[in-house]
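Q: Here is a sequence with its predicted model. Questions after.
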Amino acid sequence: MATVTTIEKRQLDGSLPAPGARIGMIIPSVNSMTEPQFNHFAPPGLGVHVARARVAGEWKRPLAAMADEIATSAKLLADVAPDLIVFHCTDTSMTQGPRGEGDILKIVQDATGVEAVATSRLVLEALQALGLRKLVLLSPYKSNQAVIDYLGATGFTVVHDVALALKPLEFATVTPQEWAELARKHDRAEADGIFLSCTNTTQIEAIADIEQTLGKPVVNSNQAVLWGCVKRLKSALAPLPPMPSLGRLMRHMDA
């Protein structure tokens, strides 16, 4: 007689299946979009766990002043035994520059012993996977300068940028349709792709529309992090379903 596994028992009795892999995410305390988007777009079998930290907006400060808070959030996430921990704030991780980004990852890894990645690094990997070099940059930030500096230091050129100068609690009020219209309005012929920067927006919902309209790849912070995590954990999540709403990037799981 065949043995019924724990997962099969859960499926038979209608309860949620046990995750095949888990990620822990350190998100800014003001972020309201990461949790619903990851729970909606993540493939079956990926457990998503979140801890907040005051590391963005009015609380963004030098890394030394945020280190203890980052370490505490990382330790809380480590209690659920994630396979990866993500420091998930584009602007803050890029503000530190490539070297400071490495310092953030060291704080997390030293506190937990768990592999750490940052939004900035996964965005970089996504741009490289798509072969992009010249970008139009759109964000809700007061200024895009930290993002432009990070991209410049890692081999990319921003040919045009738009920062909407919104307050943090206003970031999520911009609709997907408005992000798509901004991309259409501000596209440049010399740009080979669009980067929608920020983890606390509806941008991820505009990706398919923008790619279809402009015929160019789109990278968004939440999309890039989900892609990067799934790519690292795909052996535990297979078979992966198609994810066309998340754009061309999701075809590059072997990149």
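A: Arrived safely. Numbering: from 1, shown residues only.
Q: Quick one: low-confidence residue ranges for the chain.
A: In the predicted model of the chain, residues 1-14, 255 satisfy pLDDT under 70.
Q: What are the boundaries of the strands in it?
A: 21-28, 46-53, 84-87, 116-118, 134-139, 157-163, 193-196, 218-220 (DSSP state E).
Q: Alpha carbons of the third one, as PDB, please.
A: What it means is strand 84-87. Output of strand 84-87 as PDB, limited to C-alpha atoms (Å, rounded to 0.1, in the frame of the first residue of the first chain):
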ATOM      1  CA  LEU A  84      17.400  33.100   1.600                       C
ATOM      2  CA  ILE A  85      17.100  36.500   3.300                       C
ATOM      3  CA  VAL A  86      16.600  39.500   1.200                       C
ATOM      4  CA  PHE A  87      17.300  43.100   2.200                       C
END
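Q: Work out the gap between that strand and the centre of the chain.
A: Put simply, strand 84-87 sits 10 Å off its chain's centre (C-alpha atoms, centre = their mean, to the nearest Å).
Q: That one packs against which elements?
A: Contacts defined by 3 or more C-beta pairs under 8 Å, 6 or more residues apart in numbering; DSSP states H and E place strand 84-87 against strand 21-28, helix 63-78, helix 97-112, strand 116-118, helix 119-129, helix 221-237. C-beta coordinates here come from the backbone N, C-alpha and C atoms, glycine included.
Q: Out of these, which is closest to Glu205?
A: Nearest to Glu205, of all these, is helix 221-237, at 9.9 Å by C-beta to C-beta.
Q: In CSV, could you pull the C-alpha coordinates for that closest one?
A: What follows is helix 221-237, C-alpha atoms only, in CSV (Å, rounded to 0.1, in the frame of the first residue of the first chain):
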residue,chain,number,x,y,z
SER,A,221,12.3,45.9,-8.1
ASN,A,222,9.8,43.4,-6.8
GLN,A,223,9.8,41.5,-10.1
ALA,A,224,13.6,41.3,-10.1
VAL,A,225,13.7,40.0,-6.5
LEU,A,226,11.0,37.4,-7.0
TRP,A,227,12.9,36.2,-10.2
GLY,A,228,16.2,36.2,-8.4
CYS,A,229,14.9,34.2,-5.5
VAL,A,230,13.0,31.7,-7.7
LYS,A,231,16.0,31.2,-9.9
ARG,A,232,18.1,30.3,-6.8
LEU,A,233,15.5,28.0,-5.4
LYS,A,234,14.0,26.5,-8.6
SER,A,235,15.1,23.0,-7.8
ALA,A,236,12.9,23.0,-4.8
LEU,A,237,10.0,24.7,-6.6
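Q: So which bits of that helix are buried?
A: With burial defined by 16 or more other C-beta atoms under 10 Å, the residues of helix 221-237 counted as buried are 221-233, 237.
Q: Including distance to Gly131, could those go into JSON lines?
A: Formatted as JSON lines, these follow (distance: C-beta to C-beta, whole Å):
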{"residue": "Ser221", "distance to Gly131": "19"}
{"residue": "Asn222", "distance to Gly131": "21"}
{"residue": "Gln223", "distance to Gly131": "17"}
{"residue": "Ala224", "distance to Gly131": "15"}
{"residue": "Val225", "distance to Gly131": "20"}
{"residue": "Leu226", "distance to Gly131": "20"}
{"residue": "Trp227", "distance to Gly131": "15"}
{"residue": "Gly228", "distance to Gly131": "17"}
{"residue": "Cys229", "distance to Gly131": "21"}
{"residue": "Val230", "distance to Gly131": "20"}
{"residue": "Lys231", "distance to Gly131": "16"}
{"residue": "Arg232", "distance to Gly131": "21"}
{"residue": "Leu233", "distance to Gly131": "24"}
{"residue": "Leu237", "distance to Gly131": "25"}
